[in-house]
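> structure for this input, please:
(one chain, ligands or ions: 1)
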Amino acid sequence: MVKIQWYPGHMEKARREMGERLKSVDMLIELRDARIPEASVNPIIKQMAQGKPRLIVLTKIDMADPEQTQKWVEYLCNGENSCIAVDLMKDARCAKKIIREAILLMEDKRKKQLARGIRPRPIRAMACGIPNVGKSTMINRIHGKNTLKAANKPGVTRSLTWLHADENLDLLDTPGVLWPKFDDEKTGSLLAALGSINDDILDRKMVAMDTIHYIQDLYPDLLEEIYESGQVNPNGMLKAIAKKRNLVKADGILDTKRAAELFLTELRHGKLGRLTLERVNENQEDMSE
Ligand code: G4P
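Numbers count the residues shown, from 1 in each chain. Prediction:
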């Protein structure tokens, strides 16, 4: 199993900054990768949400297993939270869908305000998620030309940049970088496999072998079919990939290191088909609760 270190210093800084910013928002828009909806959780979000409603946005569904995405959406829509799954690249309506879900999540509160004669102000939402989950893509989708500064908003810290997403929704980007927390090795491997951890700190061959093992478990025939490998263990699979892709070293030996890199690149770009590497476990408490 691959061993990956976690950086508590980064987390502490993000925790402080996020705590400060959270005071000015009504809800969170939490992005997760639909292919790893559990491993792509950032624990700070869970700790800091302070009971604020969360819209969980599963991104990259074009590369995830549709049946599993449906199960995850149902599982993650509970109590205070709701969940929506989107393709941020090809779905031109994804920004509208996210805005609509966010407004829907806050509808009860807004109705109560109206009943008390208070004219509700636009909802303030903070977008958050680990690196590479699609946060910039989502913000660009929503952005348009409607950036507005906090300076003229009462009760909101100066210098924060808000996006006026809709007449009923203002959006704040997360401060700092929310690294994932990968205490357990499987979470680390999954994050590394899909590119949420800097490649330079990793043993890519180990990451590839762990991932091959997970895929063989969840989609038993898939890799054998793609790489025409027959039933082999992860190391054997790397050799089969090297053979299939003609990756041979100068001395004629199959280059399994390059095979590992190629495998991870193909996986990250959805070239192996639509895969979800985590399953809903009804008996287990969701990390986000
Ligand atoms: P971040 O701000 O959370 O770090 O993520 P960002 O928006 O930069 O997105 C990371 C990569 O994921 C980008 O690819 C982006 O195009 C891609 N991406 C985001 N949402 C989706 C989605 O719904 N579907 C698909 N297929 N891709 C999505 P990139 O710039 O090419 O980076 P990389 O893939 O080389 O890391």
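
> double-check that residue 138 belongs to a strand.
No. Under the criterion used here (DSSP: H, G, I helix; E, B strand; the rest coil), residue 138 is helix, not part of a strand.

> how near is it to residue 62?
Residue 138 sits 14 Å away from residue 62, going by Cβ to Cβ, to the nearest Å. Every C-beta, even on glycine, is put in place using the N, C-alpha and C of the backbone.

> now do residue 32
Taking Cβ to Cβ, one finds residue 32 at 15 Å from residue 62.

> tell me which of the two has more neighbours.
Neighbours were counted for residue 32 and for residue 62 using other Cβ atoms under 10 Å; residue 32 has more, 27 against 15.

> count of neighbours near the nearest residue to that one once chain neighbours are set aside?
Computed as Cβ to Cβ, 6 or more residues apart in numbering, the closest residue to residue 32 that is not its neighbour in sequence is residue 40, at 4.4 Å. Applying other Cβ under 10 Å, we find 28 residues neighbouring residue 40.

> surely residue 40 is in contact with residue 195?
No. Judged on Cβ atoms under 8 Å, residue 40 makes no contact with residue 195 at a distance of 11.1 Å.

> check the gap between the spatially most central residue of the chain and the ligand for me.
Centrality entry for the chain: nearest residue to the mean C-alpha point is residue 32, 2.5 Å, by Cα atoms, centre = their mean. According to Cβ to the nearest ligand atom, to the nearest Å, residue 32 stands 11 Å off from the ligand.

> assign that residue to helix, strand or coil.
strand.

> the helices in the stretch 1-150 of the chain, which residues?
8-22, 43-48, 66-76, 94-105, 107-115, 135-143 (DSSP state H, counting those that start in this stretch).

> for the stretch 101-250 of the chain, what lies in contact range of the ligand?
By Cβ under 6 Å from any ligand atom, the part of the stretch 101-250 of the chain that sits against the ligand consists of 129, 131-137, 195.

> what about 8 Å?
The stretch 101-250 of the chain comes close to the ligand at residues 129-140, 195, as judged by Cβ under 8 Å from any ligand atom.

> need the residues you listed in TSV (columns: distance to residue 257, neighbour count and pLDDT).
Formatted as TSV, these follow (distance: Cβ to Cβ, whole Å; neighbours: other Cβ atoms under 10 Å; pLDDT from 0 to 100):
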residue	distance to residue 257	neighbour count	pLDDT
129	31	26	88
130	27	24	86
131	25	17	84
132	23	19	87
133	28	27	91
134	29	22	91
135	32	21	89
136	31	14	87
137	31	16	90
138	35	22	92
139	36	18	88
140	35	12	87
195	18	16	87
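
> show me where the stretch 101-250 of the chain has its strands.
Along the stretch 101-250 of the chain, the stretches classed as strands by DSSP state E, counting those that start in this stretch are 123-128, 147-149, 161-166, 169-173.

> comparing the ones you listed, which comes out most buried?
Across those, averaging neighbours per residue (mean count of other Cβ atoms under 10 Å) puts strand 123-128 on top, at a mean of 24.

> how close does residue 67 sit to the ligand?
Counting by Cβ to the nearest ligand atom, the gap from residue 67 to the ligand is 18 Å.

> residue contacts, that residue?
Counting by Cβ atoms under 8 Å, 6 or more residues apart in numbering, residue 67 touches no other residue.

> change it to 10 Å
274, 276 (Cβ atoms under 10 Å, 6 or more residues apart in numbering).

> same check, this time on the one 5 residues further on
Residues counted as contacts of residue 72 (Cβ under 10 Å, 6+ apart) are 32, 34, 37-38, 56, 58, 61, 64-65, 83, 85, 276, 278-280, 286.

> repeat for residue 37
56, 58-59, 64, 68-69, 71-73, 75-76, 83, 85, 276-280, 286-288.

> now, of these, which are buried?
By neighbour count, with 16 or more other Cβ atoms under 10 Å, the contacts of residue 37 hold 56, 58-59, 64, 68-69, 71-73, 76, 83, 85, 276-278, 280, 286-288 as buried.
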